[in-house]
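S.K.: Fold the following for me, if possible:
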Amino acid sequence: MNDRLVTVFGGTGFLGRRVVRHLRTHGFSVRIASRHPDRGLWLFGQDDPQLHSVAASIDDDRSVAEAVSGAYGAVNAVSLYVEHGRQTFQLVHVESAQRVAAQAQRAGVKRLVHVSGIGADAASQSLYIRKRGEGELAVRGAFADALLVRPGVMFGPDDAFLTIILQLLRRFPLYPTFGQGLTRLQPAYVEDVAEAIVRSLQMTETRAITYEFGGPRVYSYDEFLRSVAHEAGLKPILIPLPFVAWHALARIAEMLPSPPITRNQVELIQVDSVCNPQLPGFGGLGISPQSVESILQQMLRGT
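M.R.: Sure, this is the predicted structure:
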């Protein structure tokens with residue numbers, strides 16, 4: 001076993017590619033496991049001898065086993081927000097998550113990080129949230145000491161959250177809000193989450209821990225929109241739109257190749273996404289999370 005080798009499933013995704021970079025910064029060798037290994041080469045280049053991209057599908061036992069073979073650690077950062085054909089929440093968030101955990105256990109991997117999300121709950125009426133919760137239980141059933149990481153909604157350059165909201169606020173002076181805009185959220189900077197994952201892997205303590213990562217401020221959705229608009233020098237008029245209307249719009253949007261909103265996202269925004277103060281977070285790993293406002297200013301200077 002190489003005690004400096006970590007396999008990252010989903011290493012070409014929004015969070016995963018940041019995890020890869022932070023692992024390299026900390027001196028780890030990284031094996032990027034994804035369906036399209038060429039994308040890993042395109043993202044990271046071929047000049048780093050400690051960075052390898054391999055073909056692996058988390059719904060296939062053999063490729064998962066090969067991906068974790070000889071690794072000290074593994075990170076499962078694979079996620080799915082819209083079901084397509086056989087790519088279902090059950091397959092990705094439960095069955096495949098269990099497969100990664102089981103194969104990692106079998107291969108003698110010492111540390112496994114499974115990325116879930118704040119609010120994951122096996123008893124939820126929301127299919128997405130329920131499968132996230134069931135996935136956590138499946139992972140712990142296969143790898144008892146697995147680290148569960150639950151980020152709040154993540155933001156950063158090229159995200160599908162803050163960037164889109166900013167674009168919409170710029171385009172529409174009248175901006176529809178979700179319900180009365182009272183849902184609470186605690187957005188986390190994606191680079192902070194990636195750094196936290198790497199630090200959790202380096203901990204000498206080998207017991208099951210659940211982390212929740214949220215930024216320094218809790219907003220209502222209405223407050224969040226107003227803060228983003230203020231930083232961008234915009235003065236939109238916020239118009240409350242009932243959730244039933246959002247569900248109808250999302251149903252239509254899901255017919256598009258790249259839907260701007262899905263029913264699962266509408267369900268998520270109806271539930272508070274705030275860290276449980278009883279669970280460890282950024283502070284326990286020595287990280288002071290960066291604010292939406294500070295990162296937004298960096299993003300605005302880059303546009």
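
S.K.: Dihedrals phi and psi, C275?
M.R.: phi -60, psi 140 (degrees, to the nearest 10).

S.K.: The spatially closest residue to P157 that is not a sequence neighbour: which element?
M.R.: Distance criterion Cβ to Cβ, 6 or more residues apart in numbering; nearest residue to P157, sequence neighbours excluded, is M299 at 5.7 Å. The way it works is simple: take the backbone N, C-alpha and C, and place the C-beta from them, glycine included. Element membership of M299 [criterion: DSSP states H and E] is helix 292-301.

S.K.: how about the strands of the stretch 201-303 of the chain, start to end?
M.R.: 210-213, 219-220, 237-241 (DSSP state E, counting those that start in this stretch).

S.K.: so where's the stretch 201-303 of the chain shaky on pLDDT?
M.R.: 303 (pLDDT under 70).

S.K.: which outside residues touch the longest strand seen in the chain?
M.R.: If you go by DSSP state E, the chain has its longest strand at strand 2-9. Applying Cβ atoms under 8 Å, 6 or more residues apart in numbering, the contact partners of strand 2-9 are 16, 19-20, 23, 27-34, 56, 58, 64, 67-68, 70-78, 100, 109-110, 201.

S.K.: L112 in helix, strand or coil?
M.R.: Following DSSP: H, G, I helix; E, B strand; the rest coil, the label given to L112 is strand.

S.K.: From A102, how far off is it?
M.R.: Remark: distance between L112 and A102 (Cβ to Cβ, to the nearest Å) = 10 Å.

S.K.: And the two? Which one has more around it.
M.R.: L112 (24 against 18; other Cβ atoms under 10 Å).

S.K.: wait, doesn't V149 sit right on L201?
M.R.: No - if you go by Cβ atoms under 8 Å, V149 and L201 don't touch, sitting 10.4 Å apart.

S.K.: Identify the contacts common to these two.
M.R.: Joint contacts of V149 and L201 (Cβ under 8 Å, 6+ apart) are V113.

S.K.: what's the closest non-adjacent residue to L80?
M.R.: Using Cβ to Cβ, 6+ apart, the closest residue to L80 is V92 (4.2 Å).

S.K.: tell me the secondary structure for the one you found?
M.R.: helix.

S.K.: picking up where we left off before, name the residues contacting each of L112 and A102.
M.R.: F143.

S.K.: all helices in the chain, in order from the N-terminus.
M.R.: 16-25, 37-44, 61-68, 89, 97-106, 127-142, 162-171, 190-202, 221-231, 243-253, 263-269, 292-301 (DSSP state H).

S.K.: Run the angle between the last one and helix 162-171 for me.
M.R.: Which is helix 292-301. 70 degrees (axes from the mean of the first three to the mean of the last three Cα atoms, to 10 degrees).

S.K.: In helix 292-301, which residues are buried?
M.R.: Judged by neighbour count using 16 or more other Cβ atoms under 10 Å, the buried positions of helix 292-301 are 292, 295-296, 299.

S.K.: Also the third one?
M.R.: Within helix 61-68, the residues that count as buried by 16+ other Cβ under 10 Å are 63-68.

S.K.: Check the offset of it from the chain's centre.
M.R.: Put simply, helix 61-68 sits 22 Å off its chain's centre (Cα atoms, centre = their mean, to the nearest Å).

S.K.: same check, this time on stretch 22-36
M.R.: Worked out by Cα atoms, centre = their mean, stretch 22-36 lies 17 Å from the chain centre.

S.K.: Also stretch 138-158?
M.R.: That offset, for stretch 138-158, works out to 8 Å (Cα atoms, centre = their mean).

S.K.: And stretch 114-121, end to end?
M.R.: 15 Å (Cα to Cα, to the nearest Å).

S.K.: no, scratch that, I was asking about stretch 234-243
M.R.: First-to-last residue span, stretch 234-243, Cα to Cα: 25 Å.
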